[in-house]
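Novice: Sequence and predicted structure are below.
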Amino acid sequence: MSLLESVDDFRGLYGLSEAELKKLCAELRKNIIDVTLENGGHLSSSLGTVELTVALLRVFNPDVDKIIFDVGHQSYAYKLLTKRRSRFETLRRKGGIAGFPRMDESPYDFFTTGHSSTSISAAMGYAKARDLRREEHEVVAVIGDGALLNGVSFEALNCLASLKSKVIIILNDNKMSINPRVGGMASHLAKLAVNPTYKKLKDYIKSQCTNMKNGENINSSLSRIKMKLKSLLLPTNVFEELNISYWGPFNGHNLTEMEEVFRLARHYDESLLIHVMTEKGKGCPQTEAYPSFFHGIGPKTKIDAASHASSGCGESWSGVMAEVLCELAHEDPRVTVCTAAMKDGTKLENFAKAYPQRFCDTGIAEEHMLIYAAGLAAAGMRPVVCIYSTFLQRAADQVMHDICLPKLPVLLGIDRAGLVGEDGETHHGILDVAWLRAIPEMTVAAPRDAVDLEFFVREWKKRSLPMAVRYPRGKAVKAIAAPGRERRPAPWGRLEVISGGEEICLIGIGSTVELMLKSADEIEKISGRRPTVADLRFIKPLDYEGLDALLTTHKVIVTAEENTLTGGAGEAVASYINAKGYAVRAAAAGVPDHFISHATRAQQWEECGLTVENIARLCLTK
Ligand SMILES: Cc1ncc(C[n+]2csc(CCOP(=O)(O)OP(=O)(O)O)c2C)c(N)n1
Ligand SMILES: CC(=O)[C@@H](O)[C@H](O)COP(=O)(O)O
Ligand SMILES: [Mg+2]
């Protein structure tokens with residue numbers, strides 16, 4: 001039996017020797033690697049926090065103390081040690097445990113996460129509630145250096161000292177976001193990590209840990225640390241300037257060092273930030289060599305996959321978009337491209353290399369990125385923002401206030417628009433249609449294939465307006481031509497009838513056009529009549545003329561989309577039908593009004609009724 005199997009949960013960690021703990025960490029890593037390679041998931045970050053998690057769970061007791069992970073992609077060891085080992089093999093599978101902390105999955109997950117930079121604010125809420133109720137327990141936020149560089153984290157840090165409720169922040173600094181972290185704050189952290197005065201402070205704190213172990217009064221040790229902090233001529237430290245004590249930097253792979261510091265921190269009477277240095281991907285040569293590649297991997301990834309992975313574009317929707325942007329930038333010096341820490345996911349590596357001056361990675365700073373893009377546009381540039389739909393939610397106000405209101409020519413390349421599969425609830429891009437539709441001056445389009453994607457992007461530049469082009473996760477569709485016709489983009493603003501039919505009209509929107517074509521075959525088989533299939537193309541503004549033509553010639557209209565039914569394109573079409581009083585029955589397939597859990601994308605499509613059977617049912621049921 002492995003040591004991990006004998007350790008039932010975090011309580012089993014208490015009696016282990018140093019050698020046993022080392023062995024346990026190796027077993028945790030093996031388990032994490034085996035399951036993540038098979039199921040997909042966030043490997044590098046979870047490997048980097050193994051010792052940190054073990055140290056946390058030996059010092060803080062999650063039966064009473066609250067531990068909150070930021071993003072939560074680094075929490076696999078925590079899941080394994082908080083009563084989920086027997087189910088760990090189900091990680092990210094339908095019905096299995098989630099890839100992120102989920103309050104409805106375990107009482108040890110104190111906050112549901114997936115989006116970054118929520119941990120400090122949430123921890124402050126827990127700490128305030130504790131103090132109001134006169135309870136006694138610790139609240140710990142574990143946040144990465146990438147997530148710390150976000151505005152939400154800074155808003156929280158700005159309020160922390162005045163809250164007067166103690167929070168322990170553990171800054172897990174691996175010098176990486178998904179790619180190397182960026183910005184001035186990143187250099188500040190790097191300076192703190194090597195500063196000799198901080199080394200002195202760290203050694204002093206460690207000596208106080210030894211005194212504490214030798215039975216010395218803990219309060220005297222803590223007062224001495226406070227005095228030392230005052231007496232040392234510390235170089236500028238943003239946390240100290242914000243009145244938050246800074247301890248560090250410690251070695252995040254040295255269990256004993258971390259445990260001692262955490263024990264001391266338990267007794268500290270103010271909020272403090274403990275800076276620990278870790279290595280992303282620690283403990284496996286391939287993940288250490290390619291931490292970005294193994295940040296997030298798909299199911300059935302081989303451990304040597306990174307060394308023969310091509311960094312080229314093409315294939316995926318993101319890749320097609322990136323290629324078009326490279327061409328556009330070549331043709332027009334006004335074109336600039338931004339990403340908020342998602343350079344790899346949006347396939348912008350080649351763009352960044354070819355146009356370093358016209359590429360910007362803002363780090364996890366979606367709100368800033370959109371206003372920055374608005375500024376570029378106001379100054380006459382043609383900025384394109386490549387952003388996942390789910391993270392664009394962070395910057396909804398910027399789309400309205402800073403882009404659409406002044407009618408600035410910013411193009412939102414909305415990646416991962418639709419259901420995303422194994423990342424689950426927090427990461428689906430299924431709300432953008434609903435809220436973007438509501439913003440005046442916004443144009444929203446969804447390409448069914450690479451031909452329309454390029455057409456939309458090129459037309460946006462000619463027309464210079466606020467626009468969103470949404471495309472899903474996964475492999476791009478090269479071209480869907482109408483039968484017997486050469487594939488040529490239909491005119492701007494118009495829907496396109498791909499194949500003519502009678503009585504029933506199926507309207508696909510972007511990724512669902514293919515589904516509608518397959519459904520048409522099935523419906524013809526069942527009913528003997530061929531439905532019309534159309535591609536809506538423009539969600540806003542709708543092509544009213546094109547719709548009028550369809551509504552006057554069909555009795556049933558069915559839409560399908562990878563967005564919520566509430567506020568979706570189907571709803572827009574249905575309300576037009578109502579408003580004009582057409583005697584047409586409208587039905588819609590799309591994401592229903594509940595959160596869609598982690599599963600494969602295909603399973604999620606099925607759950608949402610984005611299937612041939614359901615489309616046929618919607619058409620043929622009276
Ligand atoms: C608001 C938001 N934007 C982007 C992301 C995508 N994302 C997830 S993890 C990550 C990197 C986080 O870096 P860090 O906090 O340092 O953790 P590490 O991966 O280095 O352990 C990014 C950009 C996200 N989850 N949330
Ligand atoms: C944790 C996180 O938010 C990202 O790593 C996200 O999981 C990336 O998703 P893709 O795998 O679709 O790029
Ligand atoms: Mg990091």
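Specialist: Perfect, thanks for sending it. Ligands and ions are numbered 1, 2, ... in the order given.
Novice: show me what contacts the nearest residue to G96 once chain neighbours are set aside?
Specialist: Nearest in space to G96, with sequence neighbours left out and distances taken as CB to CB, 6 or more residues apart in numbering, is T90 at 2.6 Å. From N, CA and C alone the C-beta is placed, and that goes for glycine too. By CB atoms under 8 Å, 6 or more residues apart in numbering, the contact set of T90 is N39, G96, I97.
Novice: A479 now?
Specialist: D449, A450, V451, R487.
Novice: Which members of these are classed as buried?
Specialist: Of the members of the contacts of A479, the ones counted as buried by neighbours, 16 or more other CB atoms under 10 Å, are D449, A450, V451.
Novice: TSV for those, including distance to ligand 1, secondary structure and pLDDT?
Specialist: Below are these laid out as TSV (distance: CB to the nearest ligand atom, whole Å; DSSP: H, G, I helix; E, B strand; the rest coil; pLDDT from 0 to 100):
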residue	distance to ligand 1	secondary structure	pLDDT
D449	27	coil	98
A450	25	helix	98
V451	30	helix	98
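Novice: rewinding a little: export the contacts of T90 to JSON lines and append columns for distance to F595 and pLDDT.
Specialist: Listed next are the contacts of T90 as JSON lines, based on distance: CB to CB, whole Å; pLDDT from 0 to 100:
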{"residue": "N39", "distance to F595": "20", "pLDDT": "98"}
{"residue": "G96", "distance to F595": "16", "pLDDT": "98"}
{"residue": "I97", "distance to F595": "16", "pLDDT": "98"}
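Novice: For those, please prepare TSV with the additional fields secondary structure, neighbour count and distance to L16.
Specialist: As requested, the contacts of T90 are arranged in TSV below (DSSP: H, G, I helix; E, B strand; the rest coil; neighbours: other CB atoms under 10 Å; distance: CB to CB, whole Å):
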residue	secondary structure	neighbour count	distance to L16
N39	helix	21	28
G96	coil	19	28
I97	coil	19	24
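Novice: mind listing the strands for the stretch 351-500 of the chain?
Specialist: Taking DSSP state E, counting those that start in this stretch, the strands of the stretch 351-500 of the chain run over residues 359-361, 382-388, 411-415, 443-445, 467-470, 496-499.
Novice: Please report the distance of L551 from R463.
Specialist: For L551, the distance to R463 equals 27 Å [CB to CB, to the nearest Å].
Novice: Break the protein into its domains for me.
Specialist: Taking automatic domain parsing as the domain assignment, the record places the domains of the chain at 3-180+270-277, 317-470, 496-620.
Novice: Quick one: closest of those domains to ligand 3.
Specialist: Put simply, out of the domains of the chain the one that sits nearest ligand 3 is domain 3-180+270-277, at 3.8 Å, with distance taken as CB to the ion.
Novice: wait, what's in contact with the closest residue to T82 other than its chain neighbours?
Specialist: When the adjacent residues along the chain are set aside, T82 lies closest to Y108, with 3.9 Å between them (CB to CB, 6+ apart). In this structure, Y108 makes contact with P62, I67, Y78, T82, K83, judged by CB under 8 Å, 6+ apart.
Novice: Would you point out the most distant pair within those residues?
Specialist: By the measure CB to CB, the contacts of Y108 have their two most distant members at I67 and K83, which lie 14.1 Å apart.
Novice: Which one's more surrounded, those two?
Specialist: Shown here are I67 and K83; by other CB atoms under 10 Å, I67 has more neighbours (27 against 15).
Novice: Could you name the specific helix or strand carrying the more buried one?
Specialist: When elements are assigned from DSSP states H and E, I67 belongs to strand 66-69.
Novice: helices and strands around that strand, which ones?
Specialist: The helices and strands touching strand 66-69, judged by 3 or more CB pairs under 8 Å, 6 or more residues apart in numbering; DSSP states H and E, are helix 119-132, strand 139-144.
Novice: who does it pair up with?
Specialist: In the sheet containing strand 66-69, its partner strands are strand 139-144 (parallel), by DSSP bridges.
Novice: Can you give the contact residues for the partner strand?
Specialist: 45, 49, 52, 56, 60, 65-71, 74, 117, 119-120, 122-123, 126-127, 130, 153, 166-174, 177.
Novice: Settle this for me: A329 is touching R358, isn't it.
Specialist: Yes: in this structure, A329 is within contact of R358 by CB atoms under 8 Å, at 6.1 Å.
Novice: quick revisit: put together CSV for the contacts of T90, with distance to ligand 3 on each row.
Specialist: Written out in CSV, the entries for the contacts of T90 read as follows (distance: CB to the ion, whole Å):
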residue, distance to ligand 3
N39, 23
G96, 26
I97, 23
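Novice: tell me which of the residues you listed is nearest to ligand 2?
Specialist: Distance to ligand 2, by CB to the nearest ligand atom, is smallest for N39 among those, at 13.0 Å.
Novice: So which of L551 and R463 has more stuff around it?
Specialist: Higher neighbour count among L551 and R463: L551, with 20 against 12, using other CB under 10 Å.
Novice: residues touching the more buried one, list them.
Specialist: Contact partners of L551, counting by CB under 8 Å, 6+ apart, are I557, I577, K580, Y582, V584.
Novice: 7 Å instead, please
Specialist: Applying CB atoms under 7 Å, 6 or more residues apart in numbering to L551 gives the contacts I557, I577, Y582, V584.
Novice: Could you report the separation of it from P531?
Specialist: When distances are taken as CB to CB, L551 and P531 turn out to be 14 Å apart.
Novice: right, and the helices and strands packed on strand 66-69 - which one's nearest ligand 1?
Specialist: Taking CB to the nearest ligand atom as the criterion, strand 139-144 is the member of the helices and strands packed on strand 66-69 that comes nearest to ligand 1, at 2.2 Å.
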